[in-house]
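# Quick check, what structure comes out for this input:
(chains A, B and C)
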Amino acid sequence: MRAHLPILPVLLPLVGALLQPIVGLASRHVAWPLAVATVVATAAAGIAGLLDVLARGTRRYPVGGWAPPWGIEVLLDPLSAFTVCVIAVVATLTLLAGGPSARTTYESEQPTYYGLALLLVTGLLGMVVSGDLFNVFVFLEVASISSYALVASGGGPALAAAFRYVVLGTVGASFYLLGVGCLYALTGTLNMADLAARLPAATGSPLFGGGIVFIVVGLAIKMGLFPLHGWLPDAYTRAPAPVAAVMAPVATKAAAYVLARVLLYVIRPESLPVSTTLAWVGAAAIVTGGALAATQVDPRRLLAYSSVSQMGYIALGLGLGVQDALVGAYLHILAHALMKAALFVVLAAAALDGRGPTLVALRLGSRMPITGACAVVAALSMIGVPPAAGFFSKWYLLQGALAAGQPILAGAILGGSLLAAVYMYRFTEAVWFGKPRATGGPPEAPMPLLVGLVALAAATVAVGLSNAALVSNVLGPAAAGVGR
Amino acid sequence: MNYPYWVAIGLLMLGLYTMIAQRNLLKKAVGMTIFQTAIILFFLLLAVKRDASLPIVSAADVDPARFMNPLPHALMLTAIVVMVATSGVALAILIRLYARYGSLEEDVIAERVASDETDPA
Amino acid sequence: MIERHASVVVQTFVRVLTPLAQLFALYVLAFGHYSPGGGFQAGVILGATYILLALALGRDTLDRKVNQPVCVALGAAGVLLYVLTGVAGMAGGGTFLDYSRLPLPVPPVRARYFGILFIETGVTLGVAATLIILFCRLGEQESGR
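Numbering: from 1, shown residues only, chains lettered A, B, ... in the order given. As a prediction, this is how the structure comes out:
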C-alpha cells in the first residue's frame, strides 16, 4: 500500500465521484456522507504520503509499469505532498461545512453536485502529483470542466459568469498546451525531470522563449493572476454558496503549484526575465486586488478581489526565487486556502440564514457568535496579525524581498496588508455591526457547518503557531536547492 | 517552407479574435473551438516527417526513424475529447442562457443580468 | 418535443438499422486493437443509434427506452470499470493501470490485451451514456427555466 501512496490521492476522489450517480439512484441522502467519507480518506492518504516523503524521500510512481521518460510518472516530493495535503484537507472541511448549504441549494440534485465536486478535487490533486507536463493538462481540464459546470449550476446570472469563465479558462488551458507543445518540439520529451535535464542545451531557440511564455501566461490565467483574472470576480460572486466555498480556496492553488513546479524545477530560465516580471506582476496584483476589494459592496465580490490580491503574494514569492520568499509563497498557499475557506463558509452560513448579498445585510454576529468569531479570526489572518498563519507567510515573503534587495516589492507586501486591513475591517464590521435582521431565525449555523468552520479557523491559528516546525521539516526542504 | 505552421498560427489568431471581438456568445463559442483546433493542428504538424510511413510495426520495417511520430496524435486524441467536453458545457450554458434571458448577445444579457440583480426577485 | 418522422420509409429503415448499427459498434470496440476503432468511436456509434431513434421515431420512444438517472449511472459505471481494471493491476502486484499484472490465468502479454479490452468497454459505456444524456437534457430546455 505504501508504494501506491502517490496515486491514492487521485484514485480515491475519482472512485468517490463515480460512485455518486450509482449510489444516487437508490437515495439522494447518501450523497453528502459518501462525499465526506471520500475526501476524508483522500486527506488521510495525503497526510500519509507527506509523512512517508519526510521519512523516506521522494517517491516516484510509474503509471502502467512503463518506466519514465516514456511512461507517465506520478511523483510525491515535499512540495507536492504538502500541496496534496493542503487541497485535500481544505476540501474535506469545506465539503463538510457546505453540506447544509448544498442540501438547500440542490435538494434532489445532490449526487450530481457531489460528483462534480469530487471530480474537481480529483483534477486538482492529479495536477499536483503529476510528473509529466501533458498529464498536468489532462487533470487541469478535468478540474476546469467540473468547475465550469459547478459555477453554472447557480442559474440566472451565474450562467453569464460561467460562460465567461469557460471561454477564458479554455484560453488559459490551451495556452498551457501550446507551451507544452513548444517544449516538446524542442526536446522530444514531456516528462518533467527529463525536460529539466534537456532544456539547458536548447535555450537558444525561439521556441524556448515562446514555450515558457505560453505556459506561464496560461497558468497565470488559471491562477487568477492580475491582469488575467477577468473570470474570477464574476465566477466567485455568482456561484452558489457551497460551490464558492469548495472552489475558491483550492482551485487557483493547484495552478500556482504547477507554476512553481514548472518555473523552479523544469525551466529555470536564467536567460529570460520571467521571474522578475512575475514578481512585479505579483506586486501589482497585490495592490490592485486589494484596492478593488476595498471598494466592493457585495461581500462575495470583496472576497473574490481579495483572492486576486492574495494570489499576487504567491506570484511575488515565486518570482523572487530566494529561499525565504519561496517558503513564504508555499506557506501562503496553505494559509490563504484556510482563511479564504473560512470566510466563504461564513458567507454560506449567511446565505442559509437568508441574508442578502450586500455587506450591510451580513450582520449575524450577535445571533451566531461562533460563526462571527471564526470570521474575525480569518479576517485577522488575512490582515497578517500574529499568531495567525497569515502573519507568518507574509513575514517570510518580506524577509525574502529584503534578502533579494527589492525594497519596493517589500513595500508592496506591506501595502497589501494595509489594504487587507481596510477591506477585512469592512467585512468584520458588517458581520458584527451591520443592519440587524428584522425577524428571528435559527440561533446558530447548522452543526456540520459550524464544525468545519471552527476547524478551519482553529487550523489557521494552529498553522501559525507551529509554522517553525512546518518550515523546517516540510517547506524548507521543498524550497531548498532551487532558490537563487 | 513552413506553410502549415503559418496556417495553424492564422487559425489561432482567428479564433482568438473571434472570442474577443464578437458580441454574440455563440460566435465566441465557435471561436473557442477554432482556437483549440489550431492548437491541435500545431501538435499534429510536429509529428510529420518527410517520406515517413505509418507508425505500424511490421516484420519488414522496424526502423523507428522511418515512421511518423505517433505520440502527438495520441496526445491530441485526448485534446479533442477535452475540446468536445468543453464545447458541450459551453453550448449547454448557452441554451440555458437563451431560455432564461431570450438573447445571445453579450451586451443585452449583461444589461438583463444587471437589472436582475438590482431588482431583488 | 420531437415528433415521429412523417415518412414510413425513414421509420422502418431506422428500425432495421439500429440493431445492426449497435452490433457494428461492438465490432468497432473489439477490433480497435487491430484496426481503426476502439472505445471512444464505438461509444459514439452506440450513442448515435439512440439519438437516431429519437429523431426518426419520436422523442417519446427514446424516453421509453432510456431512464435518465440510470443512463448517468451506467456512464459512471463504465468509467468505474476503467478505474477498477487499473486497480486490479495494482492488486496483482504492479502499479496503477499495469495490465500485465492482472489476476487472469494468461501470460502477461495476453493479459495486456484483456486489460485494454476492459478499459475500452468502460470508455464505450461512458461515452455512449454521455451523448445520450446530453441529447436528452439539452432537448428539454425548450420550455425554458
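# residues in chain A within reach of chain B, list them.
When proximity is defined as C-beta under 8 Å from any C-beta of the partner chain, chain A approaches chain B at A:134, A:137-138, A:141, A:145, A:148-149, A:152, A:155-157, A:159-160, A:162-163, A:166-167, A:170-171, A:173-174, A:177-178, A:181, A:184-185, A:356. The way it works is simple: take the backbone N, C-alpha and C, and place the C-beta from them, glycine included.
# Are any of those residues buried, and if so which?
A:134, A:137-138, A:141, A:145, A:148-149, A:152, A:156-157, A:159-160, A:162-163, A:166-167, A:170-171, A:173-174, A:177-178, A:181, A:184-185 (16 or more other C-beta atoms under 10 Å in any protein chain shown).
# Just to be sure, which of the residues of chain A next to chain B are found in helices?
When these are checked against helices (DSSP state H), the matches are A:134, A:137-138, A:141, A:145, A:148-149, A:152, A:157, A:159-160, A:162-163, A:166-167, A:170-171, A:173-174, A:177-178, A:181, A:184-185.
# Let's see the one helix or strand in chain C whose mean pLDDT sits lowest as CSV, backbone CA atoms only.
Here the helix or strand of chain C ranked lowest by mean pLDDT, DSSP states H and E is helix C:59-65, holding a mean of 87. Output of helix C:59-65 as CSV, limited to C-alpha atoms (Å, rounded to 0.1, in the frame of the first residue of the first chain):
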residue,chain,number,x,y,z
ARG,C,59,-38.8,11.6,-28.5
ASP,C,60,-41.3,9.5,-26.6
THR,C,61,-39.7,6.4,-28.0
LEU,C,62,-36.4,7.4,-26.6
ASP,C,63,-37.9,8.3,-23.3
ARG,C,64,-39.5,4.8,-23.1
LYS,C,65,-36.1,3.2,-23.7
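# Low-confidence ranges, chain A, go.
Scanning chain A for pLDDT under 70 picks out A:269-272, A:355-357, A:359-362, A:365, A:434-443, A:481-484.
# now the strands for it?
A:59-62, A:73-76 (DSSP state E).
# wait, does the first one contact chain C?
Yes - using C-beta under 8 Å from any C-beta as the criterion, contacts between strand A:59-62 and chain C involve A:Y61, A:P62.
# Which part of chain C gets nearest to chain A, residue-wise?
C:D98 (3.7 Å; C-beta to the nearest C-beta).
# how deep is that residue tucked in, by neighbour count?
C:D98 is flanked by 23 other residues according to other C-beta atoms under 10 Å in any protein chain shown.
# repeat for the one 5 residues further on
As a burial measure, C:P103 scores 10 neighbours (other C-beta under 10 Å).
# for chain A, what are the nearby residues on chain B?
Counting by C-beta under 8 Å from any C-beta, the residues of chain B lying close to chain A are B:12, B:16, B:19, B:25, B:28-29, B:32, B:35-36, B:39, B:42-43, B:46, B:72, B:75, B:78-79, B:82, B:85-86, B:89-90, B:92-94, B:96-97, B:100, B:109-110, B:113, B:116-117, B:120.
# Could you pull up the residues touching residue 9?
Since you didn't name a chain, this refers to chain A. When contacts are counted by C-beta atoms under 8 Å, 6 or more residues apart in numbering or on different chains, A:P9 touches A:T42, A:A45, A:G46, A:G49, A:V84, A:A88, A:L125, A:V128, A:V129.
# longest helix of chain C?
The residue-count maximum for a helix in chain C (DSSP H) belongs to helix C:108-140.
# any idea how far that helix is from the chain center?
When C-alpha coordinates are averaged (C-alpha atoms, centre = their mean, to the nearest Å), helix C:108-140 and its chain have centres 5 Å apart.
# So which bits of it are buried?
Result for helix C:108-140 [16+ other C-beta under 10 Å]: buried residues C:111-112, C:115-133, C:135-136.
# Can you sort out which of those residues also neighbour chain A?
Within the buried residues of helix C:108-140, nothing lies near chain A by C-beta under 8 Å from any C-beta.
# What distance do you get for the closest residue to A:P9 other than its chain neighbours to A:V281?
Leaving aside its sequence neighbours, A:P9 sits nearest to A:L125 (C-beta to C-beta, 6 or more residues apart in numbering or on different chains; 4.5 Å). According to C-beta to C-beta, to the nearest Å, A:L125 and A:V281 sit 27 Å apart.
# re earlier: are the longest helix of chain C and chain B in contact anywhere?
Yes - counting by C-beta under 8 Å from any C-beta, chain B has neighbours in helix C:108-140: C:L134, C:R137, C:L138.
# picking up where we left off before, check the strands of chain A for me and report the most buried one.
For the strands of chain A, average neighbour numbers computed from mean count of other C-beta atoms under 10 Å in any protein chain shown are highest in strand A:73-76, which has a mean of 25.
# CA atoms only for that strand - export them in PDB, please.
In PDB, the C-alpha atoms belonging to strand A:73-76 read as follows (Å, rounded to 0.1, in the frame of the first residue of the first chain):
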ATOM      1  CA  GLU A  73       5.200   9.400 -13.900                       C
ATOM      2  CA  VAL A  74       3.500  10.400 -10.700                       C
ATOM      3  CA  LEU A  75       5.700  11.800  -8.000                       C
ATOM      4  CA  LEU A  76       5.500  12.800  -4.300                       C
END
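# just checking, what packs against it?
For strand A:73-76, the elements it packs on are helix A:31-56, strand A:59-62, helix A:110-129, judged by 3 or more C-beta pairs under 8 Å, 6 or more residues apart in numbering or on different chains; DSSP states H and E.
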